[in-house]
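In: task: produce atomic coordinates for the following.
(4 chains)
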Number of protein chains: 4
Amino acid sequence: MPKDSVGQIGVGVIGYGYWGPNLVRNFHNHPQSKVIAVSDLNPKRLMSVVDYYPNIKTTLNYRDILKSPEIDVVAIATPVSTHYELALQALLANKHVLVEKPIANTSQQVLHLIEEADKRNLILMVDHTFAYTSAVVKMSELVADGHLGSLYYYDSVRVNLGIIQPDVNVLWDLAVHDLAIINTILPDKPLAVSATGVAHIKGSPETSAYMTLFFSGTTIAHIHVSWLAPVKIRQTILGGSDKTIIYNDLEPSEKIKVYDRGITVSENSSTADRYQQLVGYRTGDMWAPKLEPFEALYVEIDHLLNCIDHQQKPKTAGEEGLRAVKILEAACLSMQQKGSPITIH
Amino acid sequence: MPKDSVGQIGVGVIGYGYWGPNLVRNFHNHPQSKVIAVSDLNPKRLMSVVDYYPNIKTTLNYRDILKSPEIDVVAIATPVSTHYELALQALLANKHVLVEKPIANTSQQVLHLIEEADKRNLILMVDHTFAYTSAVVKMSELVADGHLGSLYYYDSVRVNLGIIQPDVNVLWDLAVHDLAIINTILPDKPLAVSATGVAHIKGSPETSAYMTLFFSGTTIAHIHVSWLAPVKIRQTILGGSDKTIIYNDLEPSEKIKVYDRGITVSENSSTADRYQQLVGYRTGDMWAPKLEPFEALYVEIDHLLNCIDHQQKPKTAGEEGLRAVKILEAACLSMQQKGSPITIH
Amino acid sequence: MPKDSVGQIGVGVIGYGYWGPNLVRNFHNHPQSKVIAVSDLNPKRLMSVVDYYPNIKTTLNYRDILKSPEIDVVAIATPVSTHYELALQALLANKHVLVEKPIANTSQQVLHLIEEADKRNLILMVDHTFAYTSAVVKMSELVADGHLGSLYYYDSVRVNLGIIQPDVNVLWDLAVHDLAIINTILPDKPLAVSATGVAHIKGSPETSAYMTLFFSGTTIAHIHVSWLAPVKIRQTILGGSDKTIIYNDLEPSEKIKVYDRGITVSENSSTADRYQQLVGYRTGDMWAPKLEPFEALYVEIDHLLNCIDHQQKPKTAGEEGLRAVKILEAACLSMQQKGSPITIH
Amino acid sequence: MPKDSVGQIGVGVIGYGYWGPNLVRNFHNHPQSKVIAVSDLNPKRLMSVVDYYPNIKTTLNYRDILKSPEIDVVAIATPVSTHYELALQALLANKHVLVEKPIANTSQQVLHLIEEADKRNLILMVDHTFAYTSAVVKMSELVADGHLGSLYYYDSVRVNLGIIQPDVNVLWDLAVHDLAIINTILPDKPLAVSATGVAHIKGSPETSAYMTLFFSGTTIAHIHVSWLAPVKIRQTILGGSDKTIIYNDLEPSEKIKVYDRGITVSENSSTADRYQQLVGYRTGDMWAPKLEPFEALYVEIDHLLNCIDHQQKPKTAGEEGLRAVKILEAACLSMQQKGSPITIH
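Out: Below you'll find the predicted structure:
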């Protein structure tokens, strides 16, 4: 059954490796968009497009995508080092652009992309998929509602036996997800970063890394990422003075657990034996809110299509991508200096 | 039934708070030792000694312990800030000394205690209990046998809703356990440390902290400790080039799991597409070795009594305590400087 | 520190094997009771009483317990086959009696004990410890409040590598715990039972068994017990039309989880495609209520002492023990007939 | 890219509901087969075939499948009550047949299908997918190698919040998976069955059920299935005298764990205190063998295509389907009689 193509937004996808098929599937399934063409340098991958979506054009040359008048949005899912050049050309070709995370290799590049998009009233969106998951949206609401009290810390472990990237280290590959989540959830921006890490495979970039983000006040964030863990762990703790959330992305049905446990401090005392008297320990109920079972990428694509329709800035516009890249740049600098803190501008 | 006291080593315990009862119970149960007296500043706690061990003397004045000619060993389980003074007096009173971890507040103090013990041929032992657990002993053997290949990393999470100590921060309270384990397992000593942390409760010491230890080569260790987590986590990953161990101290029957998973790197290649061709991923069996169900503190006390009998240096002598304290001192300095690396001397 | 013995209830404990030490410790710690004497046939076990409680008398002859005028309550923690004779003699000696579960070998014996206790206005209590746990009390409240809606099922798995009892099968050893819980939680009594099981070790009683209890209406209960499982499992599901509870007794901090998940059936329809239209699936929040961290045996002993003081019938009186024994008798008969249902009288 | 169709086996799929899409995808992906046509009564489902596989024909009338000369194999994934009629017509149309489990409603029907297939030298295969999973194949090998010693028990829990089937009860829907596994793993056939169950939703078939299978000797199997559990559980324990396997199908990477734990019985003794002296408890290592990450349905389809090529009987031929149906028939009869044992002929 051919879709009614009236009013559909035309989509071109550059890159059909790990993430590209997800983009194609979701744009294909969305009633308001239509995938016109897919490009990849590998003909085998294109054959798999043909096999599943015989009506989608395929090409080895991404320029065919940029030239196509049917295409309104270009989605880029290629290696990081090519993001800037491809996104820039797409903007110059007057296409809206959705770029895989991280949006580019340097903040300088991202600033340029933002500028070019703004100049042309085009949407530049970074694919920070986690910002659109039901879990992160729910955490974001709980924080905004003041449910957690003062925010104490964000602590995340994101490790597995992962594919070692030749061109970027593990921070750029995995920590960027946490930066997308932090951008979404935390009201403040990090001021400085201290990072450490090590490259265990000779000649490769860092395979395991740790990053502490300092905020104003006593909020702190810490991210542990690794490609060399024998099991997959995706666990984040978001600690507050009133409640603490444990978010386990691998749990099938209770990803988020809200604990009414913590420390209660009385303020009005001046005795010597201060701690014994003033610090109380609270152990209350635990609650796992129901999460909507939507696929995050579909929600994100729906948001993109809406933003195009209504000429609005998306939640994860180029500026969000820029924030993440600036933090990654500072973290890499700190990592080279074995943890010396670097201010984030 | 009174024990036959011939040949038994007399023990005095100073401090009957959280850990003291465990010391008393284990010395009491060991056939080669006899608990003569217990001191504490709190009369209520002493009443509980009387209730359970009517034959043990109790006193509010620790000097009674030091003076008793029946007592050969003094075990000290008091707040950290008192360790140095009490251990010193015990050594001066010619007693062997077992001190709770951390052994003292400063490396200067520890050096003095070591000196005084050596001068008198007395044993100065620090209660690094984890060094005597079946799990750590087993990991230590696997590392020594070369079972893991090159050591990549030690990564530990030790968090729970814990009692905030008024006088020491969370590194001195919890990370010291990991330092005891690292001392036991890893063949090398850390050269530098970068640490970050934050005090979430006004006026208290740091409640959450992170510490990276740098070794020669590419081995790295990271420790995450917190008193503000809603659930208890005790998970350590010890990664090697051949095998990786996950040690979960809260598992009742499979504390240690050895994974035959990782990355295999071929050395002899010079192509451009290096990573695709040379980095292989290995997913093999998992194996959980049986661990002996001994209580670590009993094993430790048995070791101490043997060392006294045979005039030998214990595995966790003052020098081990010194190593841990030096790392903690450097980590605290780094933490004040938001992660700047500090050399460990 | 000697307790003030005025007004304390004197306790004698017969049997100091697996459970006896827990009874002694809790009666010892309770301010209203005083353990006068402990008997056991094994002198080594009595030595351990002397070692920990030098003020408690010990004897190899349980008759010394029965004769002692200081003793008001006799707690019996011996093998099942001796319960009836010891409990009977204790009642005849005018003592209140607390008997380990199961209360006796046959319902005939239990009826006799109840009769003798009633005749003398003595308390006959069975040690159904689970009835006093915070988890079971909480489930009981949730059921009584109608929180779960109609009760659909009780399903319990209670398996581990357990000590094979020479004189009773695994139903009498483990399923009795579930019968105690069912007695406490469910408003109705089971009408019939079907059980199956097998004795894997030659010459021993059944080592693995399954039991279905039929109630009026559509409530059903199923109990799986085994001494031959490689891991310990203690998981019970209590299903209702509105909410379902999962009770995992091995969870340290969230033993009870209440799920708002299930099936919603609309009643007013007459279409052919009934199921598609009328059966709805509900997936809501999960909630883990805080449980009080009391030791169940202490709560139980406190209840017993109160019942003695106020001449009240305890929650787990002889009649509750009788109910459990009648079900076990019927289950064993069914098991011999490979599952044929047996009415419970 | 069109496949080279020379030598490919033509496939028709009847039914495109829950399981049909998996059949189409795997036949589509297999180089030796080609999906020619799909039929379903629901036009919407057929549109989704068109959308993903524009080269596959679709039809509302399954007779078009039977008539097509290009089709060699008919795969049937329709409601159980239609299996017999559709499979029979496909055989009469001279097609090989793969039928969804359970193969038919009655053993009489299955016997007829077997007869018709044999008469025509056609393959009649039942889709007992679990027989082809890496986990079941591995368990099967471990049992065949004698690794487990004598087989004590098979115990399975297969529950979740499931779709209530209007025409078959939960045994026919879920327990059939365990029967497929038992057929594959256990060397013996069950002799009798006792089952209990209850229909919690008015007018629907049984929603929760329990089934004990009796074998010769002391081997026993028990299956617990339910559509009314709030969480999904897929846990099977396969107990032997030497080793015991726990198979958790929901574990991502360690589905099978082999435990060296159990009871050791010495035979040569005649003392009274038999159990204390002769029954020993063994706690050894645990081992999780690596499993191949193949999709079971692909392996099964590959096996079917091979069997067609070489005119061999498949592992899960009609006879295996018959065995499962006979057990289900006996179990339902037992369930009506509240657990009375029924012989399996």
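In: quick one: low-confidence ranges for the stretch 101-250 of chain A?
Out: Along the stretch 101-250 of chain A, no part satisfies pLDDT under 70.
In: recalculate using a threshold of 90.
Out: A:162-167, A:201-204, A:217 (pLDDT under 90).
In: which residue does it have closest to chain B?
Out: The shortest separation between the stretch 101-250 of chain A and chain B is 2.8 Å, found at A:Ser194 (distances taken as C-beta to the nearest C-beta). (Glycine included, C-beta is placed from N, CA and C.)
In: any idea which element that residue lies in?
Out: Element membership for A:Ser194, per DSSP states H and E: strand A:192-198.
In: do the same with A:Ala331
Out: helix A:318-336.
In: which other helices and strands contact that helix?
Out: Applying 3 or more C-beta pairs under 8 Å, 6 or more residues apart in numbering or on different chains; DSSP states H and E, we find helix A:318-336 packed against helix A:107-119, strand A:124-127, helix A:176-185, strand A:192-198, strand A:208-214, strand A:342-343.
In: the residue nearest the centre of chain A: what's its closest spatial neighbour, skipping adjacent residues?
Out: In chain A, the residue lying closest to the centroid (C-alpha atoms, centre = their mean) is A:His128, at 3.1 Å. Nearest non-adjacent residue to A:His128, counting by C-beta to C-beta, 6 or more residues apart in numbering or on different chains: A:Ala180, 3.5 Å away.
In: need the contact list for that neighbour.
Out: Neighbouring residues of A:Ala180 by C-beta atoms under 8 Å, 6 or more residues apart in numbering or on different chains: A:101, A:128-131, A:316, A:320, A:324.
In: could you point out the helix or strand that follows the longest strand along chain A?
Out: Counting by DSSP state E, the longest strand found in chain A is strand A:228-240. On the C-terminal side of strand A:228-240, the closest following helix or strand by DSSP H and E is strand A:244-248.
In: what's the helix or strand that that following strand is followed by packed up against?
Out: On the C-terminal side of strand A:244-248, the closest following helix or strand by DSSP H and E is strand A:256-265. When contacts are defined as 3+ C-beta pairs under 8 Å, 6+ apart, strand A:256-265 packs onto helix A:134-144, strand A:244-248, strand A:279-288, strand B:151-161, strand B:228-240.
In: can you show me the CA trace of strand A:256-265 as PDB?
Out: Provided in PDB are the C-alpha atoms of strand A:256-265 (Å, rounded to 0.1, in the frame of the first residue of the first chain):
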ATOM      1  CA  ILE A 256      13.400   4.100  37.100                       C
ATOM      2  CA  LYS A 257      13.200   3.600  40.800                       C
ATOM      3  CA  VAL A 258      12.600   6.500  43.100                       C
ATOM      4  CA  TYR A 259      13.900   6.000  46.600                       C
ATOM      5  CA  ASP A 260      12.700   7.900  49.600                       C
ATOM      6  CA  ARG A 261      16.000   7.300  51.400                       C
ATOM      7  CA  GLY A 262      18.600   9.700  52.500                       C
ATOM      8  CA  ILE A 263      19.900  11.900  55.200                       C
ATOM      9  CA  THR A 264      18.000  14.600  57.100                       C
ATOM     10  CA  VAL A 265      20.000  17.400  58.600                       C
END
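In: circling back: ok, the longest strand of chain A near chain C or not?
Out: No - taking C-beta under 8 Å from any C-beta of the partner chain as the criterion, strand A:228-240 and chain C are apart, separated by no less than 14.9 Å.
In: can you list the residues of the stretch 201-345 of chain A near chain C?
Out: Applying C-beta under 8 Å from any C-beta, we find that the stretch 201-345 of chain A lies next to chain C at A:253-254, A:260, A:283-290.
In: who wins on neighbours among those?
Out: The member of these that has the most neighbours, counting by other C-beta atoms under 10 Å in any protein chain shown, is A:Met286 with 24 neighbours.
In: how about stretch A:214-225: buried residues?
Out: A:214-215, A:218-225 (16 or more other C-beta atoms under 10 Å in any protein chain shown).
In: which one of these is nearest to A:Asp118?
Out: For the buried residues of stretch A:214-225, the residue nearest A:Asp118 by C-beta to C-beta is A:Phe215; the value is 28.3 Å.
In: ok, now which ones touch the closest one?
Out: Contacts of A:Phe215 by C-beta under 8 Å, 6+ apart are A:186, A:188-191, A:221.
In: could you rerun that using 10 Å?
Out: Contacts for A:Phe215 (C-beta atoms under 10 Å, 6 or more residues apart in numbering or on different chains) come out as A:151, A:153-154, A:182, A:186-192, A:221, B:198.
In: then A:Leu186?
Out: For A:Leu186, the contacting residues are A:140, A:143, A:151, A:154, A:213, A:215, A:219, A:221, A:238, by C-beta under 10 Å, 6+ apart.
In: looking at the residues you listed, which two lie furthest apart in space?
Out: Farthest pair in the contacts of A:Leu186, by C-beta to C-beta: A:Ser140 and A:Leu213, 17.4 Å.
In: of these two, who's got more company?
Out: A:Leu213 (26 against 16).
In: who does that one bridge with?
Out: Beta-bridge pairing for A:Leu213 (DSSP bridges): A:Val193, A:Ala221.
In: any idea how far it is from A:Tyr154?
Out: According to C-beta to C-beta, to the nearest Å, A:Leu213 stands 8 Å off from A:Tyr154.
In: who touches both of these two?
Out: With C-beta under 10 Å, 6+ apart, A:Leu213 and A:Tyr154 have common neighbours A:178, A:182, A:186, A:219-223.
In: which of the residues in stretch A:48-68 are buried?
Out: So, applying 16+ other C-beta under 10 Å, buried residues of stretch A:48-68: A:48-49, A:51-53, A:56-59, A:62, A:64-66, A:68.
In: domain-wise, how is chain A divided?
Out: Split into domains by automatic domain parsing, chain A comes to A:9-129+A:296-315, A:131-295+A:327-343.
In: which member of the shared contacts of A:Leu213 and A:Tyr154 is positioned nearest chain C?
Out: When the shared contacts of A:Leu213 and A:Tyr154 are compared for distance to chain C (C-beta to the nearest C-beta), A:His222 wins out at 23.4 Å.
In: thought the closest one was touching A:Tyr154?
Out: Yes - if you go by C-beta atoms under 10 Å, A:His222 and A:Tyr154 touch, sitting 7.3 Å apart.
In: now the common contact residues for these two.
Out: A:178, A:213, A:237.
In: contacts only, for the second one.
Out: For A:Leu213, the contact set (C-beta under 10 Å, 6+ apart) comprises A:154, A:178-179, A:182, A:186, A:189-195, A:219-223, A:327, A:330-331, A:344, B:196.
In: can you select the buried ones among the residues you listed for me in PyMOL?
Out: To isolate the buried ones among the contacts of A:Leu213 in PyMOL, judged by 16+ other C-beta under 10 Å, type:
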select buried, (chain A and resi 154+178+179+182+186+190+192+193+194+195+219+220+221+222+223+327+330+331+344) or (chain B and resi 196)
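In: OK, contacts around the spatially closest residue to A:Leu333 that is not a sequence neighbour?
Out: Closest residue to A:Leu333 in three dimensions, ignoring its sequence neighbours and counting by C-beta to C-beta, 6+ apart: A:Ile342, at 5.0 Å. Counting by C-beta under 10 Å, 6+ apart, A:Ile342 makes contact with A:192-195, A:327, A:329-336, B:338-339.
In: can you pull the pLDDT of A:Ile342?
Out: Looking at A:Ile342, its pLDDT reads 98.
In: ok, A:Val170 to A:Arg323 distance?
Out: The value you get for A:Val170 to A:Arg323, if C-beta to C-beta is used, is 19 Å.
In: so for those two, which sits in the more crowded spot?
Out: Legend: neighbour count by other C-beta under 10 Å for A:Val170 and A:Arg323, higher for A:Val170 (24 against 20).
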